[in-house]
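Participant: Fold the stuff below for me.
(chains A and B)
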Amino acid sequence: MPQNATAKKSPKPTSRKEMTKFQWTLKEIARNKTAYIMIAPFIILFTIFTVFPVALSIILSFTEFNLLEFPRFIFADNYIRLFLDDDIFLTAAQNTLVFASITGPVSYFISLLVAWFINELTPKIRAIVTLIFYAPSIAGSVYLIWQVIFSSDSYGYVNAWLLEFGFITEPILFFKDANYVMPLCIVVALWTSLGTSFLSFIAGLQTIDKSLYEAGAVDGVKNRWQELWYITLPTMKPQLMFGAVMAITQSFGFGAVVTALAGMPSVDYAAHTIMHHLEDYGGQRFEVGYSSTIAVILFIVMVGCNLVIKKLLSKVGQ
Amino acid sequence: MAKLRTRKHKVVLNRSVGGDLGINVMLIILGAFMFLPMLYVIMQSLKPLDELWMYPPRFYVVSPTLKNFSDLFKLMSTSWVPFSRYIFNTVFISVSGTVGNLIFSSMAAYALAKIKFPGRGWIFQVIVLSLMFNSTVTAIANFLTMSTLHWVDTYLAIIVPAWCTSLGLYLMKQFMESSVSDAVLESARLDGASEFYTFIKIAMPMVKPAWLTLIIYSFQGLWNAGNSIYIYSEQLKTFNYAINQIVAGGIARAGAAAASQVIMMAVPISVFIITQSNIIETMGSSGMKD
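Facilitator: Just a heads-up that it's a prediction; the model follows:
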């Protein structure tokens, strides 16, 4: 081992003080061999399927690549094309921001509010209510029922109801009308969105020490809202942080829901998001370089949003 | 001084009647929004043909029938590939993906949570960073990887990536950190136990809720994985895919479609009902420190 080579001349250093930082690190690595063996399978797979793809996308985003010929380096042409020449991308970017900035925060606050509402119910009832709110997020393609509810013919529940009461004279083609498709997709996405962050909030509220509230009451906390703001939220800050990451990442992941409901491309690109643009160029037109550029933009937007929100949340209660 | 009010022999702090009322009303409205579509699917699946196509549509079912389910099974038996094959595929993918995920994630989680080795800090940072974007970003590059490995149109393309989910590792690591005591591990190490021994015999039995959570998450993801872009061969497709094909048969199959949705949602929901308390317990330590 390398550190032994240097150690031969002088007596082998044994305490941390006698070693250089490098020697100490090598010694620690050797001592913890098992830890590296244990972590190796995960890290190798994680590198292949998560780290490497991000790196590869960044590299390919500067090339033109159609899968047949070797990638050709074209500097920032893809980025220039994306922002200056691709009107549909700009529409998609705008739609994505609208979609994410509504579904993310609304889902986050509904999760938090509902978790807070049900916190004081008895455990049995709380479990049932939790199930009701959580079920849509794990129920697979059940969100397609919204297509039946908003079906374009008079058998659709909403259309029949509107016709019945004379609000409209002919059925509205909800998912084929540029005015309705986006709001409806947002509603359905919200319906499926009470997932991991919701469970995390429920658990966070459960683990708060009850004596904090008693102490708060003595210190002059007057109502449940003050209790929420001064005691509950600061105490469950780590959960708020984790929930935010989950909610933000999720808010950029509703592409499949939109495709299933509105089709792809959606009418007038009214619900076309960056995810769809990516699939269009990567999955259908095989413009790998260009779609990698879209992936890189998406990556930057998602991670950027997360880091900004994390920073903001770290100020809660300070 | 805050007003104290007693309710059911318990001291309840700072609760006004108006607030209780408002919260319950809000909860009922939101609950209805969440629950009614689910109930509607179940109602639809039980409706006979004339009730499915009545005008104006009626929410509830008057003469419930299981005919939609039997129709669904009849349709299944006419499929080109035997239907049992689709079920086998889904079970095989779900089980092998989940088992691998559990083994690799908990091993890595134990090392990150309980062994102080150089580099663990930034490895965890990278894991947390990877929670911040989803698989859309990596899809294209992964497709290139899969075709280079010749894994396209094999199960490997679905199963192997499922072995390393960052959310699974994250939840497992956080839970181990908070519920496996260092003192116990330390005394085992002093007795000469290897890290693998302490991991399997001491740490793992203490984090059963986290296992279950990881299993559920992994299983749900794989169970609902229908149209993977990697699988072309009909005999390798999943149950979810086959069900979607039946549903795509048009409006004449509206009843069978609802029935299939009920079956597809019944599995993950029943699994959640059984494991709910364990999942909530795991989430108790999910918090993220900055």
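
Participant: can you tell me the residue of chain B closest to chain A?
Facilitator: With CB to the nearest CB, the shortest gap between chain B and chain A falls at residue B:287, namely 2.4 Å. To be clear about C-beta, it is placed using only N, CA and C from the backbone, and glycine gets the same treatment.

Participant: Show me where the chain has its strands.
Facilitator: Let's take chain A. Assigned by DSSP state E, the strands in chain A fall at A:63-64, A:72-73.

Participant: um, chain B though
Facilitator: Using DSSP E, the strands of chain B run over residues B:4-7, B:10-13.

Participant: Give me the most central residue, chain A.
Facilitator: residue A:249 (1.0 Å; CA atoms, centre = their mean).

Participant: ok, the closest residue in space to that residue that isn't next to it in sequence - contacts?
Facilitator: The spatial neighbour of residue A:249 that comes closest, neighbours along the chain excluded (CB to CB, 6 or more residues apart in numbering or on different chains), is residue B:134 at 5.5 Å. Residue B:134 makes contact with A:249-250, A:252-253, A:302 under the criterion CB atoms under 8 Å, 6 or more residues apart in numbering or on different chains.

Participant: Please render those residues as a markdown table that adds pLDDT to the earlier fields.
Facilitator: Below are the contacts of residue B:134 laid out as a markdown table (pLDDT from 0 to 100):
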| residue | pLDDT |
| --- | --- |
| A:249 | 92 |
| A:250 | 91 |
| A:252 | 91 |
| A:253 | 86 |
| A:302 | 94 |
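
Participant: Next, give me the two most distant ones among those residues.
Facilitator: Longest distance between any two of the contacts of residue B:134 is 10.5 Å, between A:250 and A:302; criterion CB to CB.

Participant: Would you mind giving both backbone torsions of residue B:64?
Facilitator: Main-chain dihedrals, residue B:64, degrees, to the nearest 10: phi -60, psi 140.

Participant: domains for chain A, by residue range?
Facilitator: For chain A, the domain assignment from automatic domain parsing gives the residue ranges A:2-73, A:83-313.

Participant: lowest-confidence stretch among these?
Facilitator: Taking each of the domains of chain A in turn, the lowest mean pLDDT turns up on domain A:2-73, with a mean of 83.

Participant: and the residue nearest to residue B:197 when sequence neighbours are not counted, what does it touch?
Facilitator: Take residue B:197 and drop its neighbours on the chain: the residue closest to it by CB to CB, 6+ apart is residue B:188, 7.4 Å away. Residues in contact with residue B:188 (CB under 8 Å, 6+ apart) are B:197-198, B:202.

Participant: Just the buried ones from the residues you listed, in ChimeraX syntax?
Facilitator: Restricted to buried positions by 16 or more other CB atoms under 10 Å in any protein chain shown, the ChimeraX selection for these reads:
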select /B:198,202
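
Participant: which of the contacts of residue B:188 lies closest to residue A:193?
Facilitator: residue B:202 (38.2 Å).

Participant: which ones are touching that closest one?
Facilitator: Counting by CB under 8 Å, 6+ apart, residue B:202 makes contact with B:180, B:184-185, B:188, B:193.

Participant: rewinding a little: of the contacts of residue B:134 - the most surrounded one?
Facilitator: Sorting these by how many neighbours each has (other CB atoms under 10 Å in any protein chain shown) puts residue A:252 first, at 25 neighbours.

Participant: Please enumerate the helices of chain B.
Facilitator: Listed in chain order, the helices of chain B (DSSP state H) span residues B:17-46, B:49-52, B:67-77, B:83-114, B:120-130, B:135-148, B:156-162, B:166-179, B:182-190, B:195-197, B:204-206, B:208-223, B:239-247, B:254-283.

Participant: which of the residues in the last one are buried?
Facilitator: For helix B:254-283, the neighbour count (16+ other CB under 10 Å) marks B:254-262, B:264-265, B:267-269, B:271-272, B:275-276, B:278-283 as buried.

Participant: Skipping its backbone neighbours, what lies nearest the residue of the stretch 101-250 of chain A found nearest chain B in space?
Facilitator: Closest residue of the stretch 101-250 of chain A to chain B, CB to the nearest CB: residue A:238 (2.4 Å). Leaving out its chain neighbours, the residue that sits closest to residue A:238 by CB to CB, 6+ apart is residue B:287, at 2.4 Å.

Participant: in stretch A:244-263, what's buried?
Facilitator: Across stretch A:244-263, burial judged by 16+ other CB under 10 Å covers A:244-255, A:257-262.

Participant: Test my guess that residue A:46 contacts residue B:163.
Facilitator: No: contact criterion CB atoms under 8 Å: residue A:46 and residue B:163 do not qualify, at 9.2 Å.

Participant: before we move on, back to that, would you list the helices of chain B in JSON lines and tack on mean pLDDT?
Facilitator: Shown next, in JSON lines, are the helices of chain B (pLDDT from 0 to 100):
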{"stretch": "helix B:17-46", "mean pLDDT": "91"}
{"stretch": "helix B:49-52", "mean pLDDT": "84"}
{"stretch": "helix B:67-77", "mean pLDDT": "85"}
{"stretch": "helix B:83-114", "mean pLDDT": "92"}
{"stretch": "helix B:120-130", "mean pLDDT": "94"}
{"stretch": "helix B:135-148", "mean pLDDT": "90"}
{"stretch": "helix B:156-162", "mean pLDDT": "91"}
{"stretch": "helix B:166-179", "mean pLDDT": "93"}
{"stretch": "helix B:182-190", "mean pLDDT": "91"}
{"stretch": "helix B:195-197", "mean pLDDT": "90"}
{"stretch": "helix B:204-206", "mean pLDDT": "92"}
{"stretch": "helix B:208-223", "mean pLDDT": "89"}
{"stretch": "helix B:239-247", "mean pLDDT": "77"}
{"stretch": "helix B:254-283", "mean pLDDT": "88"}
